[in-house]
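In: Fold the following, please.
(chains A and B)
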Amino acid sequence: MISRSLATVNPCSMCMPMGSVLVFRGIEGCMPLFHGSQGCSTYMRLYLAHHFREPVDIASTALSEKGAVYGGSANLMQGLKNVIKGYNPKVIGIATTCLAETIGDDVPQIVREFQAQEPLAKDVIIIPVSTPSYAASHEVGYRVALKGLVQTLARKSKPNGRINMLVGSIISPADVRFLRRLFDDWGLEYILMPDISETFDATLSQDLPLIPKGGTPLEDIRDCANSKATLTIGGWVQEPGAGDYLEKEFRVPHVALPLPISLEFTDRLAANLEELTGLSMPESYERERGRLLDSMVDAHKILADVKTAVYGDTEMVLGITRIMMELGMKPQIVATGAANPAFAENAAEIAPGSKVSMGADFSQIAEEAASRDIELLVGPFTGRGIARRENIPLLRVGLPNHDRYGASHQLFLGYEGSMNLVEGMANALLESREWVAT
Amino acid sequence: MSIVNIFEGREGHIAQKGGQSIPLACSSDSLAGAVSQRACVYSGARVVLNPITDALHLVHGPIGCASYTWDIRGSTSSGPDLYRNSFSTDMKELDVIFGGEKKLAASLRELAEKYHPPAIFVYSTCIVGIIGDDLTSICKKACLELGIPVLPVKSEGFRGSKNEGYKAACNALAELIGIRDYRPKGPSINLLGEYNVAGDLSFVKPFFEEMGLEVVATFTGDSRVEEIMRAQSAKLNLVQCSGSMTYLAKKMEEKYGIPYRRISFFGLHDMSAALRTAAEFFGSAAMKEKAEEIIRREMERVSPEIEAYRSRVAGKKAAIYMGGAAKAVSLVKAFQELEMEVVIIGTQTGNREDYEKIAYIIKEGTVIIDDANPLELKELLIRQNADLLVAGVKERFLAYKMGIAFCDFNHDRTISFEGYTGMVNFAREVSITINSPVWQLPVKRECCVGSGSQLASIQGVNDDIKEPCHS
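Out: Take a look at the predicted model:
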């Protein structure tokens, strides 16, 4: 199931440091710093700016030939100092790049030295994570950064009665806002992290802060060792991460859930919350659920038997595949760029008979698509080449989405988000066929 | 004291004409921790070579470098589209430990067989430089085996700035030039540093053809490997993006005796000057007359439209932040044509000579900045009261969040700005963003609690006299 081809043609994944930024930007007052050559930071800033349509500042230690030969310690220290002076952050998240990892810089040690000798560093928390591009994809970078954050900050004190809501995969700011709204309406006491709902989707205001407002407060991250449980939402097929660490280290019970996309997976989140809290889901969400069902019934004929290709991040793909099955659609290709066997297993179970691939690139997806009569593509905009060449409608979902507006405002979680997905798929088909909705 | 003072060590890179000494400090490594807008050596090489539409561009490195540069340039093609794919050896941990040479050699074979490209460019990335894969010898072997040029592009990210990447790209191009014999039908030119962003070429090339000139090769917008291979047969090189292509122009002058002239296709004056430069070089009275005829005709055609936009933007203040200096200089002149004032001008990779030229053409009070970062840009935009920023995507959202109009003048611009028609497009872009009503919308809404608004008074009336109010 893993790509047999030697070269990757049109990648369906990004690199590890990219994932770390999505975590660091979700922490209050946090500034990301890449330890490596200047290009990595610039490219990822560009990539994320395109997607979120927001200014994205990522500092770089700008390693040059000298650094590559003699080690990057001096650059890292100077970089940290300048980030503190320029941005006045509460937290600096350091992600390593290929270069820093390959020359063998001991980043945690350099950070300790910096903290010991630099008065400016006194009140700044520094979180180094190891994220070489060659090791894994952006999804792993995300998980490693979230774990690193909790490892650095979580401290046992007294029980807080709250629930840790870890956002286990990359979702949109609108999705995060939805989760907060759901938990608030439910009357839950919770800690949600990382929280990119404001930091990657800031309002237009009169002043432009150095670091975007919002993000999970530091006190909350420290306090997550004292919560009564952890739910990792979108951590279903991921390797052990922050939630497992909290369970092992502080005995906070952990449940990893799929992203609440589809009726079943949203019901599963609701069931877990009811079990954990003894509070039943608010009535307004029962009505949302009813509306989702109603929209599924409305659209069931146009979507019946539609052959689809779903690709992108693992958790997102599994949720979308699940709702396709609920609608009587026929997912033919279920693919991710990540090398994740748990994904492959679950995908095969959700959509028997589909071609499941991990470590996939778009040349493979295109080949499969050509032989399987695909009628609808669902995934990031990077599939647009196939859409154009094969004349297949593409519903853009997830990161990256560089060629359409509104990536930050796409809500695909929960009953409401699932309904958006149902209607989005149906309308994409209709537009391409120029039918009229019946 | 510098005009903005955020990072120690940056003082020499910022100056105000009439104040600090110019030239500035430049051509140095970016400051660690300062969020430079620059990219890397690989990026420089990639943007120069990528527009060759039928070549296969293979990135030897981990996946990120290929992901983030996939189809990144808005260079369009009139034919082949192989260049719009992203090829990578996708190096993994084991490749880093044991070396990636075998994987590279096998990938080259596999890709050549599947895509039949006329040439392959192989880019090295940071770790390739560290682990020491011998790109040159692998490419040489592949070249013999596959029977097509396989060109190593030595672009390890950390070995300098974009400028070094431009050089690496030019070196690869130099190996292609001269492979084919060719005899142009008449007077002939190459266009260097023209990347056909947003289809620019279609607003420029026809004028040269109208003058009776054959364009042998364009470096590299909408080009084919075949035309690059016979570029040595042209009689004159016209160099637009001087930062990326002067190096190649000099090489071609040395090796093939082709002289070069710097020109720009952006702005009415520069476009006309480019046509005159070519006519002047070839010297025939007929060609000169043809150039003048084109200039007269085109100016007459676009003047009314430009005039209409000019009246809507005259007197506004523009800030320019570009990758290279050539575009920045052209922009200063274009803004003069629109009667706008340039208050900030900066580049990522300008050199001493560039900044001297810039300092010469700008007015007193204009700030020049080398290798800027968002914090400095933000402060300068406020201090200099800019109405408009012309830059790339990274800077777009900074401007927007500050309530400043923005015009994209980078790879991913989708509107052609070159030639006479391009200048009309540019004038329109500048005008629609500066004059948009969105900037006038109230950012803060007045709170009406307890203010006795209409609705409150209507309710009040209803409550009191129990009859509908028709006022």
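In: So which residues on the stretch 251-400 of chain B come close to chain A?
Out: Proximity of the stretch 251-400 of chain B to chain A is confined to B:373, B:374, B:375, B:378, B:392, B:393, B:394, B:396, B:397, B:398, B:400 under the rule C-beta under 8 Å from any C-beta of the partner chain. Using the backbone N, CA and C atoms, a C-beta is placed for each residue, glycine as well.
In: at 10 Å instead, please
Out: On the criterion C-beta under 10 Å from any C-beta of the partner chain, chain A has as its neighbours in the stretch 251-400 of chain B the residues B:348, B:371, B:373-376, B:378, B:382, B:392-400.
In: Just the buried subset of those residues, please.
Out: Those of these that meet the buried threshold are B:348, B:371, B:373-376, B:378, B:392-400, by 16 or more other C-beta atoms under 10 Å in any protein chain shown.
In: For those residues, which two are the farthest from each other?
Out: Largest separation among these by C-beta to C-beta: B:371 and B:400, giving 22.6 Å.
In: buried set for stretch A:267-274?
Out: For stretch A:267-274, by 16+ other C-beta under 10 Å, it's A:268, A:269, A:270, A:272, A:273.
In: and of those, the nearest to chain B?
Out: Looking at the buried residues of stretch A:267-274 and their distance to chain B, the nearest is residue A:269, at 31.1 Å (C-beta to the nearest C-beta).
In: how far away is the closest one from residue A:417?
Out: Applying C-beta to C-beta, to the nearest Å, the value for residue A:269 to residue A:417 is 12 Å.
In: who touches both of those two?
Out: Both residue A:269 and residue A:417 are in contact with A:259, A:260, where contact means C-beta atoms under 10 Å, 6 or more residues apart in numbering or on different chains.
In: shouldn't residue B:195 be in contact with residue B:72?
Out: No - the pair residue B:195 and residue B:72 does not pass the contact test of C-beta atoms under 10 Å, sitting 11.8 Å apart.
In: Please identify which of the two sits among more neighbours.
Out: Counting neighbours by other C-beta atoms under 10 Å in any protein chain shown for residue B:195 and for residue B:72 shows that residue B:195 has the greater number, 26 against 19.
In: What score does the residue lying closest to the more buried one once chain neighbours are set aside have for pLDDT?
Out: Leaving aside its chain neighbours, residue B:195 sits nearest to residue B:221 (4.3 Å; criterion: C-beta to C-beta, 6 or more residues apart in numbering or on different chains). pLDDT for residue B:221: 96.
In: and the residue of chain B nearest chain A?
Out: With distances taken as C-beta to the nearest C-beta, chain B approaches chain A most closely at residue B:40, which sits 2.5 Å away.
In: In what element of secondary structure is the closest residue to that residue other than its chain neighbours found?
Out: The shortest distance from residue B:40 to any residue that is not its chain neighbour, by C-beta to C-beta, 6+ apart, is 2.5 Å, and that residue is residue A:39. Taking DSSP states H and E as the criterion, the element that holds residue A:39 is helix A:38-52.
In: Is it correct that residue B:171 is in contact with residue B:152?
Out: Yes - applying C-beta under 10 Å as the test, residue B:171 and residue B:152 come out as touching, 9.0 Å apart.
In: Residues that sit against both of those two, list them.
Out: Between them, residue B:171 and residue B:152 share no contacting residue under C-beta under 10 Å, 6+ apart.
In: Pick out whichever of these two has more residues nearby.
Out: residue B:152 (24 against 17).
In: What is the burial count for residue B:416?
Out: If you count neighbours by other C-beta under 10 Å, residue B:416 ends up with 23.
In: Report the contact partners of it.
Out: Neighbours of residue B:416 in contact, by C-beta under 10 Å, 6+ apart: B:74, B:76, B:196-204, B:422-426.
In: Mind naming the longest helix for chain B?
Out: helix B:285-313 (DSSP state H).
In: Identify the residue spatially nearest to the residue of the stretch 151-300 of chain A found nearest chain B, adjacent ones excluded.
Out: Scanning the stretch 151-300 of chain A for the residue nearest chain B gives residue A:208, at 4.9 Å (criterion: C-beta to the nearest C-beta). In space, and not counting its chain neighbours, residue A:208 is closest to residue B:401: 4.9 Å by C-beta to C-beta, 6+ apart.
In: How confident was the prediction at the one you found?
Out: According to the model, residue B:401 carries a pLDDT of 95.
In: what do you get for residue B:450?
Out: Taken from the predicted model, the pLDDT recorded for residue B:450 is 83.
In: Residue B:15 too?
Out: Confidence for residue B:15, expressed as pLDDT, is 89.
In: Pairing partners for the strand or helix carrying it, with directions?
Out: Secondary structure from DSSP H and E places residue B:15 in strand B:14-16. Note on strand B:14-16: by DSSP bridges, its sheet partners are strand B:367-370 (antiparallel).
In: In space, not sequence, find me the middle residue of chain B.
Out: Residue closest to the mean C-alpha point of chain B, counted by C-alpha atoms, centre = their mean, is residue B:410 at 4.3 Å.
In: residues touching it, list them.
Out: Going by C-beta under 10 Å, 6+ apart, residue B:410 touches A:46, B:47, B:73-74, B:197, B:321-323, B:327, B:390-396.
In: can you tell me the helix or strand for it?
Out: Secondary-structure assignment from DSSP H and E places residue B:410 in no helical or strand segment.
In: Look up how far residue B:61 lies from it.
Out: If you measure residue B:410 against residue B:61 using C-beta to C-beta, the figure is 24 Å.
In: Residue A:54 contacts residue A:25, doesn't it?
Out: Yes - in this structure, residue A:54 is within contact of residue A:25 by C-beta under 10 Å, at 9.4 Å.
In: Between those two, which contacts overlap?
Out: With C-beta under 10 Å, 6+ apart as the test, residue A:54 and residue A:25 both reach A:48, A:199, A:200, A:212.
In: Give me the nearest residue to the third one, chain neighbours excluded.
Out: Meaning residue A:200. Setting aside the residues directly before and after it, residue A:200 is nearest to residue A:52 in space (C-beta to C-beta, 6+ apart), at 4.6 Å.
In: same check, this time on the last one
Out: Once flanking residues are discounted, residue A:212 sits nearest to residue A:199: 4.3 Å by C-beta to C-beta, 6+ apart.
In: Quick check: residue B:408 vs residue B:439, distance?
Out: Counting by C-beta to C-beta, the separation of residue B:408 from residue B:439 is 17 Å.
In: Next: residue A:332.
Out: Taking C-beta to C-beta as the measure, residue A:332 falls 48 Å from residue B:439.
In: Please say which of the two ends up with more neighbours.
Out: With neighbours defined as other C-beta under 10 Å, residue A:332 and residue B:439 compare such that residue A:332 has more, 21 against 13.
In: Of the contacts of residue B:410, just say which sits nearest to residue B:19.
Out: Distance to residue B:19 across the contacts of residue B:410 (C-beta to C-beta) is lowest for residue B:321, with 19.6 Å.
In: Pick out the residue of the stretch 51-200 of chain A closest to chain B.
Out: For the stretch 51-200 of chain A, the residue closest to chain B is residue A:82, as judged by C-beta to the nearest C-beta, at 3.0 Å.
In: what is the rounded mean pLDDT of the helix or strand hosting that residue?
Out: Here residue A:82 is covered by helix A:73-87, with elements defined by DSSP H and E. Across helix A:73-87, pLDDT averages out at 96.
In: okay, and the helix or strand of chain A with the least pLDDT?
Out: Least confident element among the helices and strands of chain A, by mean pLDDT, DSSP states H and E: helix A:65-70 (a mean of 88).
In: can I see the domain layout of chain A?
Out: Taking automatic domain parsing as the criterion, chain A consists of the domains A:16-153, A:163-201+A:211-277, A:285-433.
In: Distance across the first one, terminal residue to terminal residue?
Out: Distance across domain A:16-153, first residue to last, is 21 Å (C-alpha to C-alpha, to the nearest Å).
In: Centre of the chain to it, how far?
Out: Here the centre of mass of C-alpha atoms in domain A:16-153, compared against the chain's by C-alpha atoms, centre = their mean, to the nearest Å, lies 18 Å away.
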